[in-house]
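Undergrad: Can you look at this prediction? I've put the sequence above it.
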Amino acid sequence: MSTAELVDLAQQLRVDSIRATDTAGSGHATSSMSAAELAAVLLANHLRYDFDRPDHPGNDHLILSKGHASPLLYSLYRAAGAVTDEELLTFRTRGSRLEGHPTPRLPWVDVATGSLGQGLPVGVGIAMSGKRLERIPYRVWVISGDSEMAEGSVWEAIEHAAAEDLDNLTLVVDVNRLGQRGPTRHGHDLDAYARRLQAFGWHTVEIDGHDVDEVDRAYREACSTTGRPTAILAKTVKGKGVDAVADQEGKHGKPLEDVTDAIAELGGVRAIHVDVRKPSAARTLHAVPSGHLALPRFEKGGEQVATRDAFGKALAALGAARGDVVALDGEVGDSTRTEYFGKDHPDRYFEYYIAEQLLVAAGVGMQVRGHVPYVSTFAAFLTRAHDFLRMAAVSRADLNVIGSHAGVAIGEDGPSQMGLEDLAMMRGVHGSTVLCPSDANQTAKLVAAMADLRGIRYLRTGRGATDVLYGPDEEFPIGGSKVLRRSDADRLTLVAAGTTVPEALAAADQLAADGIDVRVVDLYSVKPVDAPTLWTAAEETGCLVTVEDHHPEGGIGDAVAEAFADGRPTPRMVRLSVSSMPGSASPEEQLYGAGIDARSVAAAVRLMVEKGVVR
């Protein structure tokens with residue numbers, strides 16, 4: 001497009017953003033208006049995208065990290081012919097695909113944005129895929145606001161992108177000076193941003209973001225820069241084009257008041273159509289090789305095996321069978337055992353160091369490209385990335401997450417390293433699957449099963465070695481459980497998962513010696529939970545005792561209680577969990593101190609019998 005045509009297109013994007021927010025009665029018009037030229041030049045001259053084939057492997061990726069500026073994105077889609085004018089005006093209405101912040105309900109949106117600081121980290125994952133896995137020359141464009149440059153996750157991504165020489169990644173920062181409540185930290189000081197980015201190894205270009213020729217030259221420079229990523233720092237005006245709101249505080253997140261005058265000031269409604277250039281037909285994605293899955297087999301009665309060891313070996317085996325599986329580590333691969341995969345499949349193993357937010361976001365980016373990521377770190381450290389997991393669910397992402405070193409059973413390292421909130425955190429993620437295996441064969445089978453599930457899948461692994469409870473041919477369906485002890489004389493049911501299953505079994509043996517029969521259920525699938533088995537246990541034994549190496553809030557006890565939330569008779573329930581703050585001690589001492597070892601569980605049951613709490 002010519003300079004005049006680009007200027008006109010930018011005005012159209014402004015007008016359409018104003019129209020959409022006015023019809024909705026809400027939305028971020030001024031934030032959209034500041035980036036109009038940035039979006040117009042990108043769409044018309046540089047983006048390579050087939051809107052009729054959003055799954056084309058050669059398509060560029062455009063991530064609007066400043067997701068509140070969604071009216072601009074939807075106006076851009078209208079200009080490309082992907083969205084009609086009628087649909088544009090359904091913005092923010094019930095049932096519309098044009099939500100307040102973009103989500104993949106639209107086929108051209110890779111990931112949900114709106115929680116600031118996530119677009120660039122996800123973009124790193126997509127760019128890493130193109131550079132290291134697919135070797136397809138698509139480009140990743142991330143349009144960011146200046147306010148979100150304060151997010152630590154952005155700088156995690158900036159450092160990693162430079163270290164990995166991601167010259168297929170371009171960050172466009174809309175420096176409009178104003179955040180939600182007032183000026184940003186650096187205002188219009190482009191050099192302040194440039195110095196920081198350059199220190200990390202980025203190529204930077206500083207421009208007037210409203211000069212379409214400068215914008216065009218900057219994009220060309222970004223595309224021709226090799227060996228490092230490029231950041232385009234664009235000085236813009238929030239609310240540009242309408243004097244009543246331009247560069248004014250207090251206008252954030254609000255439709256314009258006098259829409260008729262504003263549209264007239266911008267030159268009126270337009271219907272410019274852009275024929276977006278399609279990617280080259282030569283850009284093709286090779287088929288993913290696959291082979292026979294030979295999971296590791298662990299024999300009962302043999303040596304003890306930690307579930308983290310079983311996870312590592314199973315993941316390596318899965319990687320040999322499936323070329324779409326990738327592993328991402330947070331510099332703890334020697335502990336989580338992800339390193340087993342790295343040794344066997346170094347080309348599909350990615351180290352993200354101590355940057356858990358980037359770790360999860362990069363996994364989300366890689367699954368955009370059709371890979372099956374397994375993201376691993378200590379369960380305790382996943383709490384830093386909870387917002388990224390939450391947004392991954394909003395993105396309809398398919399992601400496997402492994403949290404190791406869970407519970408007090410890790411021993412002497414103390415509470416800073418103990419995942420004691422992870423089950424609650426992951427159960428709260430929309431549509432998630434939460435698994436807590438108790439032995440090596442169960443772990444291996446669940447690791448393989450996770451690859452074909454949808455949504456966010458979480459697997460909890462332990463540090464210490466435990467007995468192999470199941471044979472290698474045993475099956476463990478998602479949503480199931482295993483009844484390990486059962487008789488018609490059972491007086492209550494012990495419900496355990498993970499490290500507490502061996503403790504529950506040992507407690508059952510101790511109680512049997514006293515003439516007290518109890519049922520033992522291995523609730524390896526915490527979400528979805530095996531409600532029918534729990535209903536039967538409640539009906540036949542009258543009392544459920546949950547035993548978990550987790551805080552009482554949100555874990556196995558709550559999962560079991562919720563199985564009776566549909567109006568079924570609620571049994572007597574007793575919860576044994578980590579209710580106090582642990583310190584440093586041996587694993588055995590930790591379990592005893594928390595009251596969840598075999599001796600403590602047996603003592604609790606005996607006390608219930610003595611008091612007549614159970615039949």
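TA: Received, thanks. Predicted model only: the values in this text are computed from it and were never measured.
Undergrad: mind checking how far the residue nearest to residue 489 when sequence neighbours are not counted is from residue 498?
TA: Closest residue to residue 489 apart from its sequence neighbours, by CB to CB, 6 or more residues apart in numbering: residue 517 at 4.4 Å. For the C-beta atoms, the positions are set from N, CA and C on the backbone; glycine is no exception. Residue 517 sits 24 Å away from residue 498, going by CB to CB, to the nearest Å.
Undergrad: of these two, who's got more company?
TA: Set residue 517 next to residue 498 and count neighbours by other CB atoms under 10 Å: residue 498 wins out with 31 against 17.
Undergrad: Using the three-state scheme, assign the more buried one.
TA: coil (DSSP: H, G, I helix; E, B strand; the rest coil).
Undergrad: my guess is it contacts residue 307, does it?
TA: Yes. In terms of CB atoms under 8 Å, residue 498 counts as a neighbour of residue 307; the distance is 7.4 Å.
Undergrad: Please enumerate the shared neighbours of the two.
TA: By CB atoms under 8 Å, 6 or more residues apart in numbering, residue 498 and residue 307 have these common neighbours: 437-438, 462.
Undergrad: Looking at these, which are in helices?
TA: Per DSSP state H, helices hold no members of these.
Undergrad: Pipe those residues into a markdown table and attach pLDDT, neighbour count and distance to residue 576 per row.
TA: Below are the shared contacts of residue 498 and residue 307 laid out as a markdown table (pLDDT from 0 to 100; neighbours: other CB atoms under 10 Å; distance: CB to CB, whole Å):
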| residue | pLDDT | neighbour count | distance to residue 576 |
| --- | --- | --- | --- |
| 437 | 98 | 28 | 20 |
| 438 | 98 | 28 | 16 |
| 462 | 96 | 28 | 18 |
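Undergrad: so how far is stretch 142-162 from its chain's centroid?
TA: Offset of stretch 142-162 from its chain centre (CA atoms, centre = their mean, to the nearest Å): 17 Å.
Undergrad: Mind exporting the C-alpha coordinates of it to CSV?
TA: Only the C-alpha atoms of stretch 142-162 are listed here, as CSV (Å, rounded to 0.1, in the frame of the first residue of the first chain):
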residue,chain,number,x,y,z
VAL,A,142,4.0,-9.5,19.3
ILE,A,143,2.3,-6.1,19.9
SER,A,144,2.8,-5.1,23.4
GLY,A,145,1.8,-2.1,25.5
ASP,A,146,4.4,-0.1,27.4
SER,A,147,2.7,-0.7,30.8
GLU,A,148,3.3,-4.4,30.6
MET,A,149,7.0,-3.9,30.1
ALA,A,150,7.1,-3.7,34.0
GLU,A,151,6.2,-7.4,34.2
GLY,A,152,9.0,-9.7,35.2
SER,A,153,7.8,-12.4,32.8
VAL,A,154,8.5,-10.0,29.9
TRP,A,155,12.1,-9.7,30.9
GLU,A,156,12.4,-13.5,31.3
ALA,A,157,11.3,-13.7,27.7
ILE,A,158,13.6,-10.9,26.5
GLU,A,159,16.6,-12.6,28.0
HIS,A,160,15.8,-16.0,26.6
ALA,A,161,14.9,-14.7,23.1
ALA,A,162,18.3,-13.0,22.8
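Undergrad: What residues sit buried inside it?
TA: 142-149, 151, 153-162 (16 or more other CB atoms under 10 Å).
Undergrad: any idea of the mean pLDDT for the helix or strand harbouring residue 502?
TA: Using DSSP states H and E, residue 502 sits in helix 500-513. For helix 500-513, mean pLDDT is 98.
Undergrad: Quick check: next helix or strand after that helix?
TA: Criterion used, DSSP H and E; the element after helix 500-513 is strand 519-522.
Undergrad: what ranges do the strands span in the stretch 301-450 of the chain?
TA: Along the stretch 301-450 of the chain, the segments classed as strands by DSSP state E, counting those that start in this stretch run 305-306, 325-329, 349-351, 372-378, 399-404, 433-435.
Undergrad: Please apply the same query to the stretch 101-250 of the chain.
TA: With DSSP E, counting those that start in this stretch as the criterion, the stretch 101-250 of the chain has strands at 140-145, 169-175, 203-208, 230-235.
Undergrad: for these, which one ends up most surrounded?
TA: strand 169-175 (a mean of 28; mean count of other CB atoms under 10 Å).
Undergrad: Nearest spatial neighbour of residue 524, chain-adjacent residues omitted?
TA: residue 437 (5.3 Å).
Undergrad: list the contacts for that neighbour?
TA: Residue 437 makes contact with 307, 310, 443, 446, 459-461, 476, 498, 524, according to CB under 8 Å, 6+ apart.
Undergrad: now it: how far from residue 427?
TA: Applying CB to CB, the value for residue 437 to residue 427 is 16 Å.
Undergrad: cool, residue 155 as well?
TA: According to CB to CB, residue 155 and residue 427 sit 31 Å apart.
Undergrad: again with residue 86
TA: With CB to CB as the criterion, residue 86 and residue 427 are 41 Å apart.
Undergrad: and if you look at residue 541?
TA: Taking CB to CB, one finds residue 541 at 25 Å from residue 427.
Undergrad: higher neighbour count, the two?
TA: Set residue 541 next to residue 427 and count neighbours by other CB under 10 Å: residue 541 wins out with 24 against 20.
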